[in-house]
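S.K.: got a sequence here, can you model it:
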Amino acid sequence: MKARAVFLVFVLLSCQAPEPLPLPKMSPSDSSPRPSVLGHSITLSDSGEHFQLMEGEEQIFEGSLEECERVLAKRLLERFGEGRPNVALPTLGGLQLWADVFWRGGWRIQEHVYAGHFRLISPDRVREAWGTWEECRSVFEGVRISGDLPPAREKLVVVLHGLGRAGGSFGSMEEKLEAAGFDVATLVYPSTRRSLSEHAHQLAHLLDRIEEAKEVSFVTHSLGGLVARTLLAREGDAWREGMQLGRVVMLAPPSHGSVVAETLKDFMPFEWLAGPSGQDVTASGVETSQLPVPPCEFGVIAGGKNNDRGWNPLLEGDDDGVVTVEETRLPGLTDFLLVERAHTFIMRAPEVVGATVRFLLAGKFQAAGD
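M.R.: Residues are numbered from 1 along each chain as shown. The predicted structure is shown next:
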């Protein structure tokens, strides 16, 4: 039994983690078409001929949209500053110590899980500012008016990685989705540091701050599928008023909990490595057993060998090395696809990338006539 447990621990890709702290408070969001920025908003004037910059109920400036944006950026920098002294150096993008709390055009603001400070990261993973939320948000407004942001698209795809992973594993998937006309937010969440409900809380606040998107879909890997389902089970989030829900594609999700996690749940190294989410994803976990299915069209792509043995001799039936094919299935799914791929890199397989794009566009994994 001990040898089996050790083997299964190393199957899971994760990082050593101390006990997580309570989830930090997020800034309140606004359900208006353009969420307020640190107490400021830009709206059409009563005449409809100009825009006006408001601080609360007080009008600060009236003019064109571009003029209001420039005044807002200057005002925020004067009030909140540019953060702590910064050397613009590349980062690893997040991994297990950072949580994305804002995203726009590849730029993101991340919050440190333990220290509670924030940093502004460019699309090429360079830290452009760090300090408080207000400071990083103020610096981003300067980026907004610089013209460096790509035009936002109406359809957004949120990509969620699995346990112990990071968004970089979705490189080719992101490229194909963008080519198909989607904005793609490949988000970072501290998968081994917080619980499913805390991950969903983080993502709900991030979506509350999304401005231009009219529709949001999700592509997930492994644990990310449970995070998305937890998010979609929440009620009263502001983003649901401003955005329609598109489709969901889950790659190798432990839909009913993981036998691997169930076997290891009381094994101390697994508890250290996988953190609260490792307990949530067990087959007997309350979080998993009570999750409803997504309230939209959704499809599942499972990995396996298309036989009764699979990749992992310690699992019963067909499997991808970590999750069995049967563990991935959910009632009410729109489409299902089995590919001969292992769990860890299933999202990189060309046939998986193509099927995912087709499903988000048309609700089917296979093209007509295939």
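S.K.: who does the closest residue to Lys364 other than its chain neighbours bridge with?
M.R.: Nearest residue to Lys364, sequence neighbours excluded (CB to CB, 6 or more residues apart in numbering): Asp335, at 5.7 Å. Any C-beta I mention is one placed from the backbone N, CA and C, and that applies to glycine too. Beta-bridge pairing of Asp335 under DSSP bridges involves Gly299.
S.K.: pretty sure Asp335 sits against Arg329.
M.R.: No - the pair Asp335 / Arg329 is not scored as a contact, 11.8 Å apart, by CB atoms under 8 Å.
S.K.: follow-up on the earlier one: so who does the residue nearest to Lys364 touch?
M.R.: Taking CB atoms under 8 Å, 6 or more residues apart in numbering, we find Asp335 in contact with Gly299, Val300, Phe359, Gly363, Lys364, Phe365.
S.K.: residues in contact with the second one?
M.R.: In this structure, Val300 makes contact with Val249, Met250, Leu251, Pro253, Ser255, Thr328, Arg329, Leu330, Leu333, Asp335, Phe336, Leu337, judged by CB under 8 Å, 6+ apart.
S.K.: returning to what we had before: what's the separation between the residue nearest to Lys364 and Ala228?
M.R.: Asp335 sits at a distance of 17 Å from Ala228 (criterion: CB to CB, to the nearest Å).
S.K.: next SSE downstream of the helix of greatest length in the chain?
M.R.: Here the longest helix in the chain is taken by residue count, with DSSP state H as the criterion, and it is helix 65-80. Using DSSP states H and E, the helix or strand that directly follows helix 65-80 along the chain is strand 98-104.
S.K.: what's the following helix or strand after that next one?
M.R.: strand 107-112.
S.K.: chain center to that following strand, what's the gap?
M.R.: Its chain's average C-alpha position is 12 Å from that of strand 107-112, according to CA atoms, centre = their mean, to the nearest Å.
S.K.: so which bits of it are buried?
M.R.: Residues of strand 107-112 classed as buried by neighbour count (16 or more other CB atoms under 10 Å): Trp107, Arg108, Ile109, Gln110, Glu111.
S.K.: show residues contacting the longest helix of the chain.
M.R.: 37-38, 40, 42, 51-53, 60-63, 132, 134-135, 137-139, 141-142, 144-145.
S.K.: of the residues you listed, just the buried ones, PyMOL syntax please.
M.R.: Provided next is the PyMOL selection string for whichever of the contacts of helix 65-80 are buried by 16+ other CB under 10 Å:
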select buried, resi 37+38+40+42+51+52+53+61+62+134+135+137+138+139+141+142+144
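S.K.: helix/strand/coil for the most far-flung residue of the chain relative to its centre?
M.R.: Going by CA atoms, centre = their mean, the residue of the chain most distant from its centre is Ser47, 39.7 Å out. Using DSSP: H, G, I helix; E, B strand; the rest coil, the structure places Ser47 in coil.
S.K.: for the one 5 residues further on, same thing?
M.R.: State at Gln52, reduced to three classes by three-state DSSP: strand.
S.K.: give me every residue that touches it.
M.R.: Gln52 sits next to Ile42, Thr43, Leu44, Ser45, Gln59, Ile60, Phe61, Glu62, Cys68 when contact means CB under 8 Å, 6+ apart.
S.K.: what is it paired to in the beta sheet?
M.R.: Beta-bridge partners for Gln52, by DSSP bridges, are Thr43, Glu62.
S.K.: ok, it to Val37 distance?
M.R.: Taking CB to CB, one finds Gln52 at 14 Å from Val37.
S.K.: quick one, phi psi at the spatially closest residue to Met173 that is not a sequence neighbour?
M.R.: With sequence-adjacent residues excluded and distances taken as CB to CB, 6+ apart, Met173 is closest to Val353, at 5.1 Å. Torsion angles at Val353 (phi, psi; degrees, to the nearest 10) stand at phi -60, psi -50.
S.K.: check Arg209 too.
M.R.: phi -90, psi 0.
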